[in-house]
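# okay, sequence plus prediction incoming.
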Amino acid sequence: MDTDNKTRFLVVDDMSNMRRTIKNMLRYLGYTNIAEADNGEKAWNTLQSDKIDCIICDLIMPVMNGMEVLRRVKENPQTKDIPFLMVTAEIAEEAIAEAAESEVDGYIVKPFVAKTLEEKITKALARKNVSTPLDIRLNAGMKHLASGEHMKALAELDAARRIDPKNPRVYHAIGQIYTIRTRYAAAEKAFQKALAVAPQFIKAYTSLADMYQRLGQWSKAAAAIASAIHISPRNADRQMAYGQALLRDGRIEEAIAALNEARKLDPLNPARQKEIGEAFLAAGMDDDATKAFQEVLNMSPQDINTYNLLGIVLRKQSRYHEAISAYQRAIEHAPDDENLHFNLGRAYLEANNKDLAIQEFQKALEISPKFEVAKRMLDKLLISQ
């Protein structure tokens, strides 16, 4: 078989037997330069330090799933051109749409044989090595955009539009430039044109939503995100953004449903749960925020920032003793964090325990003698005694 032994593959799957199967297929096809990772986070770390020519990645994995790896790869200028093959046991239309929206280079359904893998690899590598006139113009436009040369970018994209007037990527890129230049009416028109030629082009809905959010048009933002969700519902980031837009639009019950869906799609991610708690906190939904932060700490009991957030929301509800307990647990993990001692002092003070408040402000100042707010609080307490 005519293969390039220098082509370096990254095989990503949480199942060791599946990684072994794919590696054996690659060796059978003549490829021997193979790295591997058992979750998406390790794969992403490998991509930061290793030159990879092709990625073969499972969709469903703990820690970071395949869709998140794909999104990061395609959004990063250093990795966006690496061919990416997605492997999954699912054949549902929504799963294919989810992968396709991030410009996946191939979609392989389990179980598969070496010949299928070979065909997908051959097509993916061929696309990488051959640029069409449209790709040349688009890439030039995006490079000018990245360097802030907006007029040059628009000129390249206009040339791309003349090559293919029905390509949604061209109109989407034009919309991005107009958004940056705060020409929002022109941006909206460009994004809508992208959707007119390709109604399933999710990036245009997402960019419209981002623009509406900038303008504080939360109802329009929610509607744009809802359209994207209708096409590809299994995206935790999108459900999260939908919930936040609905909260800002005052549609509380719908927002809670969207945020719960984000949690369901990303159940093992404490960062996601924290983001949900922060959204509730910003909306003044203190009970919901408290529950969310407590769930984060169940998953990640050493997350100092979440203890602080939990303490804040408990103090807002006058649940001072619970706030004190939260800060104390945090201090067990980070005894030299002056902010934790300061916040614990605030909680003691709000619970009318001045003596213990003084002790905590003093500890904060021992750790950080230039902690001016703690010094003022302490001086005020000492004077009042």
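Received it, and whenever you're ready, just let me know what you need. Numbering: from 1, shown residues only.
# contact partners of stretch 121-134?
Applying Cβ atoms under 8 Å, 6 or more residues apart in numbering, the external contacts of stretch 121-134 come out as 7, 29, 53-54, 81-85, 105-106, 139, 160, 163-164, 167, 170. The way it works is simple: take the backbone N, C-alpha and C, and place the C-beta from them, glycine included.
# equivalent analysis for stretch 246-257, please.
Where contact means Cβ under 8 Å, 6+ apart, the residues beyond stretch 246-257 that reach it are 218-219, 221-222, 243-244, 258, 279-280, 282-283, 285, 288.
# now that we have those, which one has the most neighbours?
When neighbours are counted as other Cβ atoms under 10 Å, the busiest of the contacts of stretch 246-257 turns out to be Gly243, with 28 neighbours.
# how far away is that residue from Ala221?
12 Å (Cβ to Cβ, to the nearest Å).
# follow-up on the earlier one: out of the contacts of stretch 121-134, which end up buried?
The neighbour count (16 or more other Cβ atoms under 10 Å) marks 7, 29, 53-54, 82-85, 105-106, 160, 164, 167, 170 as buried among the contacts of stretch 121-134.
# give me the phi and psi for Lys166.
phi -120, psi 20 (degrees, to the nearest 10).
# need the contact list for the residue nearest the centre of the chain.
Closest residue to the average C-alpha location of the chain: Asp237 at 5.9 Å, with Cα atoms, centre = their mean. Each residue near Asp237 by Cβ under 8 Å, 6+ apart is listed here: Arg71, Ala262.
# how would you label it: helix, strand or coil?
Assigned state for Asp237: helix (three-state reduction, DSSP: H, G, I helix; E, B strand; the rest coil).
# buried set for the helix or strand hosting Leu125?
Assigned by DSSP states H and E, Leu125 falls within helix 114-129. Residues of helix 114-129 classed as buried by neighbour count (16+ other Cβ under 10 Å): Leu117, Glu118, Lys120, Ile121, Ala124, Leu125.
# what does stretch 313-324 give?
Of the residues in stretch 313-324, those buried under the neighbour-count criterion (16+ other Cβ under 10 Å) are Val313, Leu314, Arg315, Arg319, Tyr320, Glu322, Ala323, Ile324.
# before we move on, what about stretch 213-220?
Gln213, Gln217, Trp218, Lys220.
# could you identify the most distant pair in the residues you listed?
Maximum pairwise distance in the buried residues of stretch 213-220, criterion Cβ to Cβ, is 9.1 Å, between Gln213 and Lys220.
# circling back to that earlier point, got CSV for the buried ones among the contacts of stretch 121-134, with secondary structure and distance to Leu365 too?
As requested, the buried ones among the contacts of stretch 121-134 are arranged in CSV below (DSSP: H, G, I helix; E, B strand; the rest coil; distance: Cβ to Cβ, whole Å):
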residue, secondary structure, distance to Leu365
Thr7, coil, 60
Leu29, coil, 66
Asp53, coil, 56
Cys54, strand, 56
Ile82, coil, 51
Pro83, coil, 57
Phe84, strand, 52
Leu85, strand, 57
Asp105, coil, 57
Gly106, strand, 60
Ala160, helix, 61
Asp164, coil, 66
Asn167, coil, 62
Val170, helix, 59
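# output those residues as JSON lines; include the columns distance to Lys354.
Compiled in JSON lines, the buried ones among the contacts of stretch 121-134 are given as follows (distance: Cβ to Cβ, whole Å):
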{"residue": "Thr7", "distance to Lys354": "69"}
{"residue": "Leu29", "distance to Lys354": "74"}
{"residue": "Asp53", "distance to Lys354": "65"}
{"residue": "Cys54", "distance to Lys354": "65"}
{"residue": "Ile82", "distance to Lys354": "60"}
{"residue": "Pro83", "distance to Lys354": "65"}
{"residue": "Phe84", "distance to Lys354": "60"}
{"residue": "Leu85", "distance to Lys354": "64"}
{"residue": "Asp105", "distance to Lys354": "65"}
{"residue": "Gly106", "distance to Lys354": "67"}
{"residue": "Ala160", "distance to Lys354": "69"}
{"residue": "Asp164", "distance to Lys354": "72"}
{"residue": "Asn167", "distance to Lys354": "69"}
{"residue": "Val170", "distance to Lys354": "66"}
